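[1] sharing a sequence plus its predicted fold:
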Amino acid sequence: MFLYIGFLFLIGLWVERRSVSGGARGNHPLVYSLSLAIYCTTWTYYGSVGNAATSGMFFLTIYLGPTLMIILWWTILRKLVRLKNSQHITSIADFIAARYGKSQLLAALATIIALVGTVPYIALQLKAVINTFAIITTSTGPAFSWIGDNVGPIVVALMTVFTIIFGVRRLDPTERHQGIVVVVAVESLVKLVTFLAVGIFITYFVFNGFEDIFEHFHRIEQVDLTSGQDNNPSVITWATYMILSMSAIMFLPRQFHISVVENSDENHIRTAMWLFPLYMFLINIFVLPIAKAGILTGLPIQDADTYVLAIPLHYDKPWLALAVFIGGFSAATSMIMISAMTLSTMCTNHLLLPVIDLAHELSFLRRHLLGSRWVAVGMIILSSYWFERIVGPSFSLVRMGIISFTAALQFAPVILGGIFWRRGNKYGAMLGLGAGLILWIHTLIVPSFVKSGWANTQWLESGPWGIGILNPEQLFGLSGLDTMSHAVLWSMFFNIGLYVLGSLCCGVKDEEKRQADNFVDVLSLGTSVSPTYEQTSYVDLEEKKVIINALLCQYFPVREAGSMLKKCMAQVKIKNSETISVLNLADLCNAVEKSLAGTIGSAAAYNALKRKIIFTPAETKALQDAYGEILASLSLTPEDLKKKVDYYKDRENLITTHAEELQEKLIQLKDQIRQRKLSEEALRDSEERLQAILDNTSAIIYLKDTEGKYILINQQFTKIFNVKAEETIGKTDHEIFAAEIATQFWTNDRLALAENRLCQMEETIPQDDGLHYYLSVKFPLYDHATMINGICGISTDITALKKAESQLRRLSGSIMDSQEKERSAIARELHDELGQILTALRLDSKWIQNRLQNADNPGSERAQSMTELIDKTIDEVRGMATRLRPGVLDDLGLIDALEWLTNDLEKRSEFSCTFSHNEVPQVSDAIATAAYRITQEALTNVTRHSGATQVDVALRYQEGALTLAIQDNGQGFDMQKLEESEGLGVTGMKERATLIGGNVAIDSQPGLGTTVYVQIPTQLTDGVLHWAQIIPV
């Protein structure tokens, strides 16, 4: 292991020496792509196998997310890289501070999130190295017993020294480390080769290929890994892990450092966009076979994280196991090294330096930033080891890693918002990051400490202080989600919500607005060539050099400070000058700030120069005049000038006496422009809201003038009719659609305009998948004089509803037909079978009565009673059979059946029932059955509910239609109650009528009785019933 560390150190040292002499071994797309594989840590190397052994294919979420995110790299990552170059950004915290007003407070908050979020991830690496070292040294002799007992502190010490040697050996103003990037790329190659080696050994030497492993696995009585060994993650969990991994590939501090800060050429991104996904595919290709092989070998599934190392040892391959350990050690060291290096830079730049600025007695520490970073590296790794000791035993590698992923996700809103949304500001960023940090700690870190025994379990049982809605795992009463999905949901809800709300509600300075424009428009801004303006050189350069050098000496040794100042002077081409102009001095200050930002961060560098008085008041005034002359020489219109000033002006509001006249014109126009902008913004907001509604509705919406020409259409219109908006506006229906469709639309438009009211109608529109039905609402539009100047139409597709209604109608008809058949069958059974049995029984009873008439008087009487009871039963059975399916309906038709029904009801009830009819032709069985059943149901309702003494049933036929009326003189009821809740009887009557194309209407008033109207068409067209005319009763 020490030989391997030495080998890596020599590679890094050689690359750095070559870069100093002009070589660029680290500036290669292959090196850049391989260095991005720092994403694949021990989580990938060991944890993926453990995850596959317990959750099947779920481990792929950590790699599918980055693969999806990589598609957007040419836009997002290229923006970040270009901003890093233009803003001299050194870390993710520095990036956030630079975007949002160079706020040191915001940089400090981002640093804290990165620090507490990365500690669990470094703890994961330490846990993996410690556990695997213990495994690989188990069989060694007593010489290694002391090392085995103290492996934790030894690993911490090695990692600390290793990180300092490779990443924090010196202060680098460029904050680019070609040597360490090449080392990371080599380690990525080593871990890939060793993982493929153990995968090939297990798959093709222990077993006979993938198929053999799968066959062996299916023979044993275990659950297939592809569906999960002991759990089956939900879709929400899959989505959560993919979102976390999409964010992690860019916003983990180490990933941001490698992909953005260490990028030397944005064109390298193109290579990484195909090479890095290929790397992830190769390193995961043997994960599932290794996991299955470990179970087949009989290794404990709770130790699945170590299968990669344990299987070679199980088959007595110590050299392969050692190679695997070195690969895992490479995965851990590269992550720890870059993470600790990045975090140490952020801690010194954004936590230590602001404290030094507040406590002047600590100002001597500015000269010891390098030593401070060394201490920070040690503290970071030591705190990670402490976290691993406390929480590590309770969690798997995957669980510890995903906690860090959730912390990195908190950066996503402020970074993506910062490069795509101009209105995002530092107040929103502060609120969003602060809320995200608090929710992350509450929903993930607190439960971790509770489950490790370091906090009261009451927090997870009844919530902190007994407040149930604050339960970390069921926040605000939300349950049913896994821990990670729950944490992501609430942290992102408050993070994004407060970021947007704070940005919209809080105003910002012009400088932050200009910086927002710089970040959002970075890809569209070309390299500008500054024009040359002759200025009087009267500023003493030596005097300014002393001031600037004193500033730099606060952070660097005297020799390095002098060298940095000379580079800045050479950059602005004043190296050999004795006096300079105020513009040269401004350029020099900008160059110094950017160089200083490479070491202490943009926020600290900005504040450092801000505190140092470099410009005298006279020089400041001269600088203002100089910028004024530049503005005056541009010869621009006031509005164009305002735009350029807003975009290019420096930190101060430049006012020049040479541009006084132009400035006065700008002031005069300012109020007018403001009023106009307010009006335009209000109108634009209204139009945007309306357009959003129009474009996001599923309905077709359009406006026409009185001549039928289209004025406006929405996106659904263009989609349904397959037309373009520009080809439709200004044309009529007949110029766009076929004659039949156009005539339909035109006729309905005329109807709405003629009636001068809202009209509703059905319209049919042929589409690729057939004829569609639309429910259209059309109404006239009016001008200020209340004159009709157009028409609006809104059409909603009801094809699915129409089909559902048709299917329901067919189903109802089928059910009712089945019921009628069943009733007929039961009636026949009652009449034929049971009737014959009862008749035979009556004959026997009558015979017995005759035989006993003279012999036994009591017996004869009993036989006579039996005969009478049988007679009554026969009558009842016949009545039941008739009511189920009256034979008269089938034998004599509807008229006789209704007459029998009313007579039968009158016999069985206490009221008078009459039936009248005119000449009715023979109708189909379906119509006759429906009319009979509706009448039967209506009369049943009269008997049960009306309290009537008289019922009249009338049947009329006229011009192809039957009209049936059932009228009683009962107590009646409130029609509104019927509309609110229709009983099954009324519903059944309406369904029967609808099935044959008819209609049922009910009229009733309390105390005035009830009338049921039934209208049934009898004409057929193409096999379908249609109305001839609605006949009043």
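    Thanks, I have it. Note that the structure is a prediction, hence the values are computed from the model and not measured.
[2] quick one: low-confidence ranges for the stretch 651-800 of the chain?
    Per-residue confidence for the stretch 651-800 of the chain (pLDDT under 70) gives these ranges: 651-671, 785.
[3] all strands of it, in order?
    Under the criterion DSSP state E, counting those that start in this stretch, the stretch 651-800 of the chain contains strands at 700-704, 710-713, 759-767, 770-782, 788-797.
[4] can you redo those strands as TSV with distance to residue 545 and mean neighbour count?
    C-beta here means a position set from N, CA and C on the backbone, and glycine is covered the same way. Supplementary listing: those in TSV, determined by distance: least, CB to CB, whole Å; neighbours: other CB atoms under 10 Å:
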stretch	distance to residue 545	mean neighbour count
strand 700-704	69	20
strand 710-713	67	18
strand 759-767	78	14
strand 770-782	74	16
strand 788-797	73	18
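[5] as TSV, these with distance to residue 322 would be great.
    Formatted as TSV, the strands of the stretch 651-800 of the chain follow (distance: least, CB to CB, whole Å):
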stretch	distance to residue 322
strand 700-704	70
strand 710-713	71
strand 759-767	68
strand 770-782	69
strand 788-797	68
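[6] out of these, which gets nearest to residue 512?
    Of all the strands of the stretch 651-800 of the chain, strand 710-713 sits nearest to residue 512, with 38.7 Å by CB to CB.
[7] where exactly do the strands run in the stretch 451-600 of the chain?
    Assigned by DSSP E, counting those that start in this stretch, the stretch 451-600 of the chain shows strands spanning 539-540, 579-580.
[8] and those: which comes nearest residue 17?
    strand 579-580 (36.2 Å).
[9] how close does residue 58 sit to residue 287?
    11 Å (CB to CB, to the nearest Å).
[10] where does the record place the domain boundaries for the chain?
    Taking automatic domain parsing as the domain assignment, the ranges for the chain are 2-399, 411-522, 534-654, 697-797, 809-885, 893-1033.
[11] as a markdown table, the ones you listed with distance to residue 673 would be great.
    Below are the domains of the chain laid out as a markdown table (distance: least, CB to CB, whole Å):
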| stretch | distance to residue 673 |
| --- | --- |
| domain 2-399 | 26 |
| domain 411-522 | 16 |
| domain 534-654 | 7 |
| domain 697-797 | 28 |
| domain 809-885 | 65 |
| domain 893-1033 | 60 |
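[12] which of the ones you listed is buried the deepest?
    domain 2-399 (a mean of 20; mean count of other CB atoms under 10 Å).
[13] follow-up on the earlier one: mind putting the strands of the stretch 451-600 of the chain into TSV with mean pLDDT and distance to residue 735?
    TSV is the format used below for the strands of the stretch 451-600 of the chain (pLDDT from 0 to 100; distance: least, CB to CB, whole Å):
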stretch	mean pLDDT	distance to residue 735
strand 539-540	72	73
strand 579-580	76	71
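[14] how about TSV for these, with distance to residue 366 added?
    Below are the strands of the stretch 451-600 of the chain laid out as TSV (distance: least, CB to CB, whole Å):
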stretch	distance to residue 366
strand 539-540	26
strand 579-580	27
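[15] shared neighbours, residue 58 and residue 287?
    Residues touching both residue 58 and residue 287 by CB atoms under 8 Å, 6 or more residues apart in numbering: residue 52.
[16] out of the strands of the stretch 451-600 of the chain, nearest to residue 7?
    Nearest of these to residue 7, taken as CB to CB: strand 579-580 at 50.3 Å.
[17] contacts for that closest one, please.
    By CB under 8 Å, 6+ apart, strand 579-580 touches 537, 538, 539, 540, 541, 544, 574, 588.
[18] list the contacts for the fifth one?
    Spelled out, that is residue 541. 574, 577, 578, 579, 580.
[19] now render those residues as JSON lines, adding distance to residue 183.
    Output for the contacts of residue 541, formatted as JSON lines (distance: CB to CB, whole Å):
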{"residue": "574", "distance to residue 183": "39"}
{"residue": "577", "distance to residue 183": "42"}
{"residue": "578", "distance to residue 183": "46"}
{"residue": "579", "distance to residue 183": "47"}
{"residue": "580", "distance to residue 183": "43"}
